[in-house]
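*Asks:* structure, please.
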Amino acid sequence: MIHVNLKRYSARLSAVLLPIVLAGCGDSSESDGNGNGTSPTASFVIKAGDTREIQAGQLASYDFQVESVDGFTGTVTFAATKLPSEATATFSVPSVALTADGTAGATLSIQTATSTPTGTHSPTIVGASGSLSSQGAETLIVLSATGTSKIAFMSTRDNDEELYVIDADGSNPTRLTKVQKTDRTPVFSPDGSKVAFQSGRDGNAEIYVMAADGSNPTRLTNDGAIDEDPAWSPDGSKVAFTTVRDGNFEIYVMKADGTDLTRLTNNDSSDLWPAWSPDGTQIVFASDRDGNLEIYVMDAGGGNQKRLAVREGFIDQEPVWSPDGTKVAFVSAVGGNSEIYVMNADGTNPTRLTDNKVSDENPAWSPDGTQIAFASKRDGNIEIYVMNADGTNPTRLTNDPGVDSHPSFSGMP
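*Replies:* Numbering: from 1, shown residues only. Below is the predicted model of the structure:
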């Protein structure tokens, strides 16, 4: 978990600072000529206002603001200190120029490694402008144990399509839903606290959300048509999905509570399997609008829809972005056999990862991008497998007579 340790660092500003100060003021002092310092003249303060929880191997983002105090003007350059081991820090902008009484915003993103030690870490946002330096404020990060990622999936092992979860190594299978109705396509929310899924429990295929332990299932959509394939936005505030409510498969997006429904695609063909880019600016999907099912991308608001790659004779589907945003894994079928591929995010260099006489489908990236989980019938029954991101070392995780499919790692949309 990431917690902001709320501290004030300047008695002079204590009356005006909100209790969300991350870094206090940086003050300059002037001399009166007799060796006596006068009171500070101008400074700036850095503030942030949200609390997050993450696991090792995940990306955490802190929105913060820099505010001028007592007429400060100048350029403030940012830095991050006290990072967890093997973590990297990136600012959305390296510096901001402040006017007197001005305010500017920026974002600090911290990518932790899967090997980051469990426990409390204290990265610090600091700023500097000439001789002025902000005083560092701790930002507490409490990381869960490395290797505790979960994989949610659909299984028919209890004679119905229900949702289960296992540890990332395949151990500790736990049933999440028990309604004797069709529950499919589970997807963990970015913070791992919730699972969105498709269910027919109320007589029609709709999008639901529940807590990660299976409690508190809540219906998000309510339409007579099929709603399926939910996909979380990276910040967890929205859910994209596929629906036939307009007569054919189109992609819609809604807030995570089911409100503010917006249609993103609008054509006579099928648009399917939406998946967000890690930065939340784009959505990749599959469409047959050009006569063949292929991979497309659009802005998160539905604009700039374009095909990523032309692969004649192939049926490309189920795209999903890698955690670092550089690649897209997808399923490609030719001659009735489906395999897992990966390509660059711009559609170049498609590379085959699996090679079997039976279908490999439903790719899902691990939070650190080093592995891909998928469903395969290679051992005679559809089971959950995991492989390295380059296709090596495929390992079977489930072993049950029922069908196990549609894996989703915790910590990813």
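*Asks:* what about the most centrally placed residue in the chain, which SS state?
*Replies:* Geometric centre of the chain, nearest residue: Pro234, 3.3 Å, by Cα atoms, centre = their mean. Recorded secondary structure, Pro234: coil (DSSP: H, G, I helix; E, B strand; the rest coil).
*Asks:* with adjacent residues omitted, what lies nearest to it?
*Replies:* Leaving aside its chain neighbours, Pro234 sits nearest to Gly280 (4.6 Å; criterion: Cβ to Cβ, 6 or more residues apart in numbering). All C-beta spots, glycine's among them, are computed from the backbone N, C-alpha and C.
*Asks:* so for that neighbour, what's the pLDDT?
*Replies:* Here, the pLDDT recorded for Gly280 equals 94.
*Asks:* hang on, it in a strand?
*Replies:* No - going by three-state DSSP, the assignment for Gly280 is coil, not a strand.
*Asks:* need the contact list for it.
*Replies:* Ser233, Pro234, Asp235, Ala300 (Cβ atoms under 8 Å, 6 or more residues apart in numbering).
*Asks:* of the residues you listed, buried ones?
*Replies:* Applying 16 or more other Cβ atoms under 10 Å to the contacts of Gly280, the neighbour count classes Ser233, Pro234, Ala300 as buried.
*Asks:* please enumerate the helices of the stretch 101-250 of the chain.
*Replies:* For the stretch 101-250 of the chain, applying DSSP state H, counting those that start in this stretch gives no helices.
*Asks:* these two touch, right, Thr75 and Ser95?
*Replies:* Yes - applying Cβ atoms under 8 Å as the test, Thr75 and Ser95 come out as touching, 5.3 Å apart.
*Asks:* between those two, who's got more neighbours?
*Replies:* Under the neighbour definition other Cβ atoms under 10 Å, Thr75 and Ser95 were set side by side, and Ser95 has more, 17 against 13.
*Asks:* grab the nearest non-local neighbour of that one.
*Replies:* Thr77 (4.2 Å).
*Asks:* quick one: low-confidence parts of the chain?
*Replies:* Within the chain, the stretches with pLDDT under 70 are 1-41, 48-53, 114-115, 117-119, 135-140, 143-148, 411-413.
*Asks:* flag every buried residue along the lengthiest strand in it.
*Replies:* Determined from DSSP state E, the single longest strand within the chain is strand 59-69. Going by neighbour count (16+ other Cβ under 10 Å), the buried part of strand 59-69 is Leu59, Ala60, Ser61, Tyr62, Phe64, Gln65, Val66, Glu67, Ser68, Val69.
*Asks:* max pairwise distance over those residues: which two?
*Replies:* Taking Cβ to Cβ, the two most distant members of these are Leu59 and Val69; they sit 31.3 Å apart.
*Asks:* so where do the strands sit in the stretch 251-400 of the chain?
*Replies:* 262-263, 271-276, 282-287, 294-299, 306-307, 315-321, 327-334, 337-344, 351-352, 360-365, 371-376, 383-388, 395-396 (DSSP state E, counting those that start in this stretch).
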